[in-house]
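# Give me the fold of what follows.
(one chain, ligands or ions: 3)
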Amino acid sequence: MGTVVDAANKGVNGSLPNEKKFKVVFVLGGPGSGKGTQCANIVEHFGFTHLSAGDLLRAEIKSGSENGTMIQNMIKEGKIVPSEVTVKLLQRAMQESDNDKFLIDGFPRNEENRAAFENTGIVPEFVLFFDCSEEEMEKRLLSRNQGRDDDNIETIKKRFNVFVESSLPVIEYYGSKGKVQKIDACKPVEEVFAAVKAIFTQVHEKTA
Ligand SMILES: Nc1ncnc2c1ncn2[C@@H]1O[C@H](COP(=O)(O)OP(=O)(O)O)[C@@H](O)[C@H]1O
Ligand SMILES: Nc1ccn([C@@H]2O[C@H](COP(=O)(O)OP(=O)(O)O)[C@@H](O)[C@H]2O)c(=O)n1
Ligand SMILES: [Mg+2]
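Numbers count the residues shown, from 1 in each chain. Ligands and ions are numbered 1, 2, ... in the order given. Model prediction:
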């Protein structure tokens with residue numbers, strides 16, 4: 001209690017302490033922009049743990065949680081699940097991990113997500129933004145073949161609207177703070193990863 005380390009870990013403005021001093025990078029971009037694909041590559045090369053908000057929500061449905069039906073309906077409609085649910089899942093995953101470096105993929109997706117996460121006291125190091133045209137993202141989602149309820153054209157259109165109306169403003173917010181690293185994500189996977197790698201090599205020591 002009250003050590004220098006404790007003080008350094010405290011969030012600002014009375015927010016909760018960031019107990020384990022986590023390093024967080026937010027990975028954002030429209031549906032189908034390649035967030036999950038590139039996160040797998042980053043994990044392999046830079047020693048991060050990948051936390052996909054969508055994957056955590058889908059696991060919550062499968063676990064038979066009392067929120068399961070609500071989450072399932074919201075995903076089917078392309079809507080954003082209340083932050084309370086998503087932040088709790090993210091916090092639990094970080095606390096249960098042995099790692100202290102996380103890629104948080106697909107979060108924050110709206111202003112409410114952003115504000116709720118800020119209350120944990122964890123400040124993201126930077127935001128990776130995969131920029132891709134809707135035409136290309138639609139093509140990718142329609143051939144993703146993971147059996148997802150939301151990879152159909154009706155839900156995809158809704159998700160694109162939510163992305164433009166609710167998620168882009170969050171990216172703009174971080175942009176105004178000089179925290180966004182934007183990548184052209186319309187290129188082939190290897191070319192996108194070359195750009196990603198350059199960014200992480202600049203910021204982080206490579207882990208073995
Ligand atoms: N650069 C790319 N070029 C072509 N297809 C891609 C590229 N990146 C990802 N994909 C494919 O597009 C689909 C969506 O990718 P995914 O990583 O799941 O995106 P997101 O998590 O942003 O929705 C997957 O089938 C994936 O294999
Ligand atoms: N922060 C988040 C992330 C995802 N989700 C829900 O989960 C769905 C799928 O998210 P995802 O990140 O797995 O989707 P992709 O961008 O990978 O296609 C979203 O459309 C939302 O319904 C959410 O409610 N809040
Ligand atoms: Mg994904």
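# Can you check the pLDDT for the spatially most central residue of the chain?
Against the mean C-alpha coordinate of the chain, by Cα atoms, centre = their mean, the closest residue is residue 105 at 2.2 Å. For residue 105, the pLDDT comes out at 99.
# who's in contact with it?
Contacts of residue 105 were listed using Cβ atoms under 8 Å, 6 or more residues apart in numbering, and they are 27, 35-36, 39, 50-55. Heads up, the C-betas are built off the backbone N, CA and C, glycines and all.
# what about 6 Å?
With contact set as Cβ atoms under 6 Å, 6 or more residues apart in numbering, residue 105 has these partners: 27, 35, 39, 52.
# who wins for neighbours among these?
Sorting the contacts of residue 105 by how many neighbours each has (other Cβ atoms under 10 Å) puts residue 27 first, at 27 neighbours.
# So, low pLDDT: which residues of the protein?
1-20, 204-208 (pLDDT under 70).
# how about the helices in this protein?
Remark: helices assigned in the chain by DSSP state H are 4-9, 35-46, 53-62, 68-76, 83-96, 111-118, 134-142, 153-162, 168-176, 189-203.
# Counting neighbours, what do you get for the residue in the chain positioned nearest to ligand 3?
In the chain, the residue that lies nearest ligand 3 is residue 36 (3.6 Å; Cβ to the ion). Using other Cβ under 10 Å, residue 36 is surrounded by 17 other residues.
# circling back to that earlier point, turn the helices of the chain into JSON lines, columns for distance to residue 125.
Shown next, in JSON lines, are the helices of the chain (distance: least, Cβ to Cβ, whole Å):
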{"stretch": "helix 4-9", "distance to residue 125": "15"}
{"stretch": "helix 35-46", "distance to residue 125": "12"}
{"stretch": "helix 53-62", "distance to residue 125": "18"}
{"stretch": "helix 68-76", "distance to residue 125": "28"}
{"stretch": "helix 83-96", "distance to residue 125": "14"}
{"stretch": "helix 111-118", "distance to residue 125": "13"}
{"stretch": "helix 134-142", "distance to residue 125": "26"}
{"stretch": "helix 153-162", "distance to residue 125": "26"}
{"stretch": "helix 168-176", "distance to residue 125": "11"}
{"stretch": "helix 189-203", "distance to residue 125": "7"}
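# quick one, which of those is nearest to residue 22?
helix 83-96 (5.7 Å; Cβ to Cβ).
# At the contact with ligand 3, which residues of this structure appear?
Counting by Cβ under 5 Å from the ion, the residues of the chain close to ligand 3 are 35-36.
# can you list the residues of the chain near ligand 2?
Counting by Cβ under 6 Å from any ligand atom, the residues of the chain close to ligand 2 are 31-32, 35-36, 52-54, 57, 74-75, 78-81, 86, 106-107, 109, 113, 150, 159.
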